[in-house]
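A.B. asks: Show me the folded form of this:
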Amino acid sequence: MHDDYARLDALGLAAAIRKGDLSAHEALDAALAGLEAVNPAINAVVHIAEAFARRRIEAGCGDGPFAGVPFLVKDLSLQVKDLPMGNGSRFFQGNVPAADNTLARRQFSAGLVMFGRTSTPEFGLGPITEPATSGACRNPWNLGRQTGGSSGGSAAAVAAGIVPMAHATDGGGSIRMPAAHCGLFGLKPTRGRLPLGPLLGEAWNGVAVPHVVSRSVRDSAAMLDATAGPEPGDPYAAPGQGPWLACLEHDPGPLRVAFSMDAPNGAPVHPEVRAGVEATARLLQGLGHHVEPAAISVDLDELYHHFWLISGANVAAIFTARAKALGREPGRHEMEPATRAIIERARAASAEDFVRALQWMHGLGRRMAAFFERFDVAVTPVYANPPLPVGSLSMQTADFAAYSAILQAERPFTAIYNLSGGPAMSVPLHRTADGLPIGVHFGADQGREDMLLRLAGQLERARPWASHRATLRGDAA
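C.D. replies: Okay, here's the model as predicted:
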């Protein structure tokens, strides 16, 4: 049964369940069988909640677009009543949300059956998924390689066939980067597109947003239809609106495409990554789009200076609340060294520093809007390199400057869309000579998920990737 299950995307699986080809319980059985078979090798799922999932099925999955489809949620951000959420942190082990947040309720209404949590670095603060709590998550395409981060566990689980789609979040590229490394489609929505309440109005002051990683473009679009939109009391809402699945019925028409293979900070970009962007530019031209070299100008040192202040201050506030709830501060081994360094740097800043960071971020959004008056889409690499060996990057360093420099060199392309707020996506259009996935990055102006999804659908038809499946090769030692 698992082979048949693994061939279907989430909408296809929901259709099979509606037709009676299999039941929701049988779909969960197949997901659990897949998990048992591959998770010891890839270490993607850190908490299994079979009884929780069975209760949901018995209560009824409803008639939503994903009714009965097994679903995994990242161990960060998504609050689900009675489903432990450790945030990839030793200090948060034993944390169990007391209520569902709005996004979780919408996912339940869509019919999804949550049955576990996926691995993430501590509070999503790394481009790798190797938390001290559970160890390295491994890339199903090559077990000796990284999955990327911070939604690496979700991406590995989807690539390995445990589920067709999984929850993910993106604060600096954390949907797009693991999607790129694991051969998946990953869309980061516009700031304010998805709800974060009732406890939050925004995450990391609008830098971080949730969505999913998926094998098909249509699953991502249908999930956006099922979950997007503001809730009462939200501080703002994204411009534009769906339905997004319907976007895939039509090509986008000729687009003005800017493409660049060079990192804004001059960091070296691997030849295989450059080749993927070059091939994509040729593909886009062949599809009738106008393509020309052009790059968004941004000072990455300045960008990351503000990024770390905003993200660090938000994470510091969460740790402070946890310490108050427990009646004690985190012990020396309950916070990863890089996390501690990021928090200490944020706490040393002034309130004026924080305001200046927000003002710079909003100014970047204005500059990006001006760029997208000239172009519809910007195409770049996602990462500077193909998936690196497990252990080559680490949060086990207290040297903040060194850690930030590594991140700037490895992910110089994605964070600009987190601070500017626009949508962006990684599309699995290229592979290295030895078969490792390389995603290509597409960014657009705020509110233009419709255009990106139309383009992604066109690319999926032109260069189908569904038949490219991970085989868990390589050495996990």
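A.B. asks: okay, CA-based contacts and neighbour counts for the rest of this
C.D. replies: Will do.
A.B. asks: Please state the offset of the strand or helix carrying residue 311 from the chain centre?
C.D. replies: Secondary structure assignment for residue 311, by DSSP states H and E: helix 300-326. Computed by Cα atoms, centre = their mean, to the nearest Å, the chain-centroid distance of helix 300-326 equals 19 Å.
A.B. asks: quick one: buried residues of that helix?
C.D. replies: 300, 303-304, 306-316, 319, 322 (16 or more other Cα atoms under 10 Å).
A.B. asks: among the residues you listed, which two are most distant?
C.D. replies: By the measure Cα to Cα, those have their two most distant members at 300 and 322, which lie 32.1 Å apart.
A.B. asks: quick one: residue 224 is in a strand?
C.D. replies: No: with DSSP: H, G, I helix; E, B strand; the rest coil as the criterion, residue 224 is helix rather than part of a strand.
A.B. asks: State the distance from the nearest residue to it once chain neighbours are set aside to residue 228.
C.D. replies: Computed as Cα to Cα, 6 or more residues apart in numbering, the closest residue to residue 224 that is not its neighbour in sequence is residue 244, at 6.9 Å. The spacing between residue 244 and residue 228, counted by Cα to Cα, to the nearest Å, is 10 Å.
A.B. asks: Ok, residue 74 next?
C.D. replies: Counting by Cα to Cα, the gap between residue 74 and residue 228 amounts to 18 Å.
A.B. asks: one step back: nearest to residue 210 among the buried residues of helix 300-326?
C.D. replies: Within the buried residues of helix 300-326, proximity to residue 210 (Cα to Cα) peaks at residue 311, which comes in at 15.2 Å.
A.B. asks: can you pull the contacts of that closest one?
C.D. replies: Residue 311 makes contacts with 204, 207, as judged by Cα atoms under 8 Å, 6 or more residues apart in numbering.
A.B. asks: tell me the contacts of the residue most central in space within the chain?
C.D. replies: With distances taken as Cα atoms, centre = their mean, the residue of the chain nearest its centroid is residue 175 (1.6 Å). The contact partners of residue 175, by Cα under 8 Å, 6+ apart, come to 149-151, 168-169, 186-188, 211-213.
A.B. asks: Go through the residues you listed and flag which are in strands.
C.D. replies: 168-169, 186-188, 211-213 (DSSP state E).
A.B. asks: Could you point out which of those is nearest to residue 447?
C.D. replies: residue 188 (11.3 Å).
A.B. asks: Tell me where the protein has strands.
C.D. replies: 45-48, 70-74, 113-118, 138-139, 142-146, 165-170, 185-188, 209-214, 256-259, 290-293, 377-381, 424-431, 437-443.
A.B. asks: Now tabulate these in TSV and tack on mean neighbour count and distance to residue 107.
C.D. replies: Formatted as TSV, the entries for the strands of the chain read as follows, by neighbours: other Cα atoms under 10 Å; distance: least, Cα to Cα, whole Å:
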stretch	mean neighbour count	distance to residue 107
strand 45-48	20	18
strand 70-74	29	9
strand 113-118	26	9
strand 138-139	33	26
strand 142-146	24	28
strand 165-170	29	10
strand 185-188	32	17
strand 209-214	28	11
strand 256-259	22	34
strand 290-293	16	38
strand 377-381	27	30
strand 424-431	27	21
strand 437-443	28	26
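A.B. asks: Serialize the ones you listed to CSV and add fields for distance to residue 271 and mean pLDDT.
C.D. replies: Formatted as CSV, the strands of the chain follow (distance: least, Cα to Cα, whole Å; pLDDT from 0 to 100):
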stretch, distance to residue 271, mean pLDDT
strand 45-48, 33, 98
strand 70-74, 32, 98
strand 113-118, 32, 98
strand 138-139, 21, 98
strand 142-146, 18, 97
strand 165-170, 26, 98
strand 185-188, 22, 98
strand 209-214, 26, 98
strand 256-259, 16, 98
strand 290-293, 17, 98
strand 377-381, 11, 98
strand 424-431, 12, 98
strand 437-443, 12, 98
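A.B. asks: export the ones you listed to a markdown table and tack on distance to residue 388?
C.D. replies: Compiled in a markdown table, the strands of the chain are given as follows (distance: least, Cα to Cα, whole Å):
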| stretch | distance to residue 388 |
| --- | --- |
| strand 45-48 | 21 |
| strand 70-74 | 22 |
| strand 113-118 | 20 |
| strand 138-139 | 10 |
| strand 142-146 | 5 |
| strand 165-170 | 20 |
| strand 185-188 | 19 |
| strand 209-214 | 20 |
| strand 256-259 | 24 |
| strand 290-293 | 28 |
| strand 377-381 | 15 |
| strand 424-431 | 14 |
| strand 437-443 | 12 |
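A.B. asks: Which one, of those strands, ends up nearest to residue 332?
C.D. replies: From those, taking Cα to Cα, the stretch that ends up closest is strand 45-48, at 22.7 Å.
A.B. asks: For the closest one, which strands pair with it and how are they oriented?
C.D. replies: When sheet partners are counted by DSSP bridges, strand 45-48 sits next to strand 113-118 (antiparallel).
A.B. asks: who touches the nearest residue to residue 174 once chain neighbours are set aside in this structure?
C.D. replies: Beyond its immediate neighbours in the sequence, the residue positioned closest to residue 174 (Cα to Cα, 6+ apart) is residue 150, lying 4.7 Å away. Contacts of residue 150 were listed using Cα under 8 Å, 6+ apart, and they are 120-121, 124-129, 169-170, 174-175, 178.
A.B. asks: How many residues are close by residue 262?
C.D. replies: Other residues within reach of residue 262, judged by other Cα atoms under 10 Å, total 17.
A.B. asks: ignore the last one, residue 231
C.D. replies: When neighbours are counted by other Cα under 10 Å, residue 231 comes out with 17.
A.B. asks: Please apply the same query to residue 404.
C.D. replies: By other Cα under 10 Å, 18 other residues sit near residue 404.
A.B. asks: Kindly report the same for residue 28.
C.D. replies: What residue 28 shows, counting by other Cα under 10 Å, is a neighbour count of 25.
A.B. asks: Any idea what the closest residue to it other than its chain neighbours is bridged to?
C.D. replies: Taking Cα to Cα, 6+ apart as the measure, residue 28 lies nearest to residue 70, with 5.7 Å between them; neighbours along the chain are not counted. The residues paired with residue 70 through beta bridges, assigned by DSSP bridges, are residue 113.
A.B. asks: Could I get the phi/psi values of the residue nearest to the centre of the chain?
C.D. replies: phi -90, psi -50 (degrees, to the nearest 10).
A.B. asks: Just the pLDDT at it, thanks.
C.D. replies: Residue 175 carries a pLDDT score of 98 in this model.
A.B. asks: Could you do the one 4 residues further on as well?
C.D. replies: In the predicted model, residue 179 carries a pLDDT score of 98.
A.B. asks: Kindly state the beta-bridge partners for the residue nearest to it when sequence neighbours are not counted.
C.D. replies: Sequence neighbours aside, residue 186 is the residue nearest to residue 179 in space, at 5.4 Å (criterion: Cα to Cα, 6+ apart). For residue 186, the beta-bridge partners are residue 213, residue 426 (DSSP bridges).
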